[in-house]
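Q: I would like the atomic coordinates for the input below:
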Amino acid sequence: MSTTGTLGSDEQKLAELGYKQELHRGWSGFSNFAISFSIICILAGCFTTYGQALKNGGPIAISIAWPLICVLILAVAVSMSELASAFPTAGGIYYWASRLGGPGWGWFTGWFNLIGLVAVVASVIYVSATFLINLLGLYEVHFIFNFVKAAAGTNVHYSAHVNFAVFAVIAIIAGLINVFSSHLVSLFYNVSVWWNIVGVLAIVVILILVPSHHASLSYVFSHKANESGFSGGAISGVKFWFYVVPLWFLLTMYTITGYDASAHISEETHGAEGSAPKGVWRSVFYSAIFGWIVLLAITFAIQKSHESEIYKAAFPALAIFSTALTSAGAKAVVLISTVGQLFCGMACITSASRMTFAFSRDGAVPGHNLWRRLGKNRTPTWAVFFVVLFAIIVTIPAYFPNHLGTPVAFLAVTSISVIGLYIAYTIPVFLRWRAGDSFVTGTWTLGSKYKWINPIAVLWVAICVVIFCLPFTPEGVPWESSFSWSAVNYAPIVTIGTIVAVMIWYFGSAKRSFKGPIRTIDQLDTEIALPEIAQAP
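A: Next up is the predicted model:
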């Protein structure tokens, strides 16, 4: 930004919030929407956590529950949109909490947001590696991988070590692409939107036309199942409805997450005060619709003759494709999904790196002077490396084989991402609700509707946080005779550990040094006359 010229409206708004324009502002409103839509990526979440709903509730957990939960998620999204309009900064959520509640609220919000973003990077890229390996197996491409084909069908069994290695390679490559060019990354996201839309439609057409038989309406909209191992497989009773059934919330909550990305790239978006809030809620709304369509198509494609095989598979969606489709059809569906997941992983790194940059800019991350450095392309190069490194570290438990055939480590990482992100989402929502009519809105506002929308959002997230800390199988319950550490859902360990560590750190030292968002605008030359800045809080 020139120190002698006049500021544009976006730079002026950012200056009023206390920041100078450092990142390159080259993203359009569509690109802003595109990154959140790409991170939500129904070609990723709907396919990878499909089994969590199918095994813990059955088809009704998909056909009926998806739209209901999406409405509750939309309450969170529109609450965040109002905040994104009022505070269009790269810090996004943590900045909102700091402005509304003070440094302490911002500190805890920022760390939950950062942990959640790193975990979502890990989970998305890890499962994209799983699908890539499966795809290569379908095409008989073995080369350096150690594939062991199943006795029947095209399902591929792979070692945990190979899957982890492929995951690490993909994460590093996606990180390098993010470092290379912000413009190139923005272009990828624009392509990703259409890939998700056209890809979903193509998959739906394939799943309608290719299978010789389809499940009935009564099966899809009323059939219940319990393959969790709890209650002996019973599909009624208190434990089924209040323990097993809620476990399938993870499908919807994990798939539709990461839409805070539109807020995180506010400083790189033109017309951010209007574009960022629209990117948040629109990405959720359209993902809900397209996600429901593709989930119904997958569920209708279930072949009753292969039902047992499908329910026992680590990733039932893959089993449905291999049993319901021709070889060519299965290849096409898995290819479309895998490419979408790769786009999603790259977008997740972009969002997480921007949050890391913003949080480091305000001195909240150890080594912040390094993580806030920009590369020659004005992208947060070192923040990207930070995200990739810690995404690999948090996924290390997945390196060790699981004898249950259940991707417990993957489900644990997805739970961590949902817990971390949604806690971060709703802290500033609660603070905005607490502020009441004294809150100064931006151009996009809920009006008086915030009075009932905000509490619904906070209550829903509180319920989900408890649910996603529960064991996924009886083998993960410490007092069960079948207990195994490989089956443990380590999400609550990470969540509680994060809370304790961050509390000790904050009250032990950070409280004295961390003062919330730092006004980098004060570093500008005094030649710029900004009367509004002097009035900013």
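Q: Count the neighbours of the spatially closest residue to residue 370 that is not a sequence neighbour for me.
A: Closest residue in space to residue 370, ignoring its immediate chain neighbours: residue 382 at 5.1 Å, by Cβ to Cβ, 6 or more residues apart in numbering. All C-beta atoms are positioned from the backbone trio N, CA, C, and that covers glycine. Residues contacting residue 382 under the criterion other Cβ atoms under 10 Å number 20.
Q: Next: the one 10 residues further on.
A: Around residue 392 there are 20 other residues, counting by other Cβ under 10 Å.
Q: Remind me which helix or strand it belongs to.
A: Following DSSP states H and E, one finds residue 392 within helix 381-394.
Q: Could I get the buried residue list for that helix?
A: Buried residues in helix 381-394, counted by 16 or more other Cβ atoms under 10 Å: 381, 382, 383, 384, 385, 386, 387, 388, 390, 391, 392, 394.
Q: elements contacting that helix?
A: helix 103-138, helix 160-180, helix 327-361, helix 368-371 (3 or more Cβ pairs under 8 Å, 6 or more residues apart in numbering; DSSP states H and E).
Q: Strands of the chain, residue ranges please.
A: 56-57, 148-149, 156-157, 225-226 (DSSP state E).
Q: Just the residues contacting the last one, thanks.
A: Meaning strand 225-226. 54, 55, 56, 57, 58, 59, 233, 234, 235, 240, 244, 311 (Cβ atoms under 8 Å, 6 or more residues apart in numbering).
Q: Off-centre distance for that strand?
A: Relative to its parent chain, strand 225-226 has a centroid offset of 26 Å by Cα atoms, centre = their mean, to the nearest Å.
Q: likewise the first one?
A: Mean C-alpha position of strand 56-57 versus that of the full chain (Cα atoms, centre = their mean) differs by 22 Å.
Q: mean confidence score for that strand?
A: Averaging pLDDT along strand 56-57 yields 90.
Q: per-residue pLDDT, residue 91?
A: In the prediction, the pLDDT value recorded for residue 91 is 65.
Q: next one: the one 3 residues further on
A: We note a pLDDT of 84 for residue 94 in this prediction.
Q: Residue 536 now?
A: In this model, residue 536 carries a pLDDT of 39.
Q: where in the stretch 101-250 of the chain is pLDDT low?
A: 142-159, 181-184, 186, 189 (pLDDT under 70).
Q: Check which residues of stretch 479-487 are buried.
A: Within stretch 479-487, the residues that qualify as buried by neighbour count (16+ other Cβ under 10 Å) are residue 487.
Q: Straight-line length of that stretch, end to end?
A: 13 Å (Cα to Cα, to the nearest Å).
Q: Filter the contacts of strand 225-226 down to the ones in helices?
A: When helices are assigned by DSSP state H, the members of the contacts of strand 225-226 inside them are 54, 55, 311.
Q: Could you dump those into JSON lines and include neighbour count and distance to residue 348?
A: Converted to JSON lines, the ones in helices among the contacts of strand 225-226 look like this (neighbours: other Cβ atoms under 10 Å; distance: Cβ to Cβ, whole Å):
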{"residue": "54", "neighbour count": "25", "distance to residue 348": "25"}
{"residue": "55", "neighbour count": "25", "distance to residue 348": "25"}
{"residue": "311", "neighbour count": "17", "distance to residue 348": "29"}
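Q: one step back: now do the helix holding residue 392 against helix 160-180, angle only.
A: 170 degrees (axes from the mean of the first three to the mean of the last three Cα atoms, to 10 degrees).
Q: and helix 381-394, average pLDDT?
A: 90.
Q: likewise stretch 365-374?
A: Per-region confidence: stretch 365-374 scores 82 on mean pLDDT.
Q: repeat for stretch 42-53
A: 87.
Q: first vs last residue of it, how far apart are they?
A: Its first and final residues considered, stretch 42-53 spans 15 Å by Cα to Cα.
Q: Next: stretch 31-47.
A: Across stretch 31-47, first to last residue, Cα to Cα, it's 24 Å.
Q: Does residue 292 touch residue 68 like I think?
A: No: counting by Cβ atoms under 8 Å, residue 292 stays clear of residue 68, with 10.6 Å between them.
Q: Give me the neighbour count for residue 33.
A: Per other Cβ under 10 Å, the neighbour tally for residue 33 reads 27.
Q: The one 10 residues further on now?
A: Neighbourhood size, residue 43 [other Cβ under 10 Å]: 31.
Q: For residue 125, give its distance to residue 53.
A: Distance from residue 125 to residue 53, counting by Cβ to Cβ, to the nearest Å: 22 Å.
Q: More neighbours: the two, which one.
A: Using other Cβ under 10 Å, the more surrounded residue of residue 125 and residue 53 is residue 125, with 31 against 28.
Q: so what's the nearest residue to that one once chain neighbours are set aside up against?
A: Excluding its sequence neighbours, the residue lying closest to residue 125 (Cβ to Cβ, 6+ apart) is residue 345, at 4.1 Å. Neighbouring residues of residue 345 by Cβ under 8 Å, 6+ apart: 121, 124, 125, 128, 170, 171, 174.
Q: One more pass at 10 Å, please.
A: Counting by Cβ atoms under 10 Å, 6 or more residues apart in numbering, residue 345 makes contact with 38-39, 41, 44, 120-129, 167, 170-171, 173-175, 391.
Q: which residues sit against stretch 501-516?
A: By Cβ under 10 Å, 6+ apart, the list of residues contacting stretch 501-516 reads 18, 91, 94-95, 97-99, 101-108, 110-112, 115, 362-364, 366.
Q: Which members of these are classed as buried?
A: Buried members of the contacts of stretch 501-516, scored by 16+ other Cβ under 10 Å, are 18, 91, 94-95, 97-99, 101, 103-108, 110-112, 115, 362-364.
Q: Much appreciated, bye for now.
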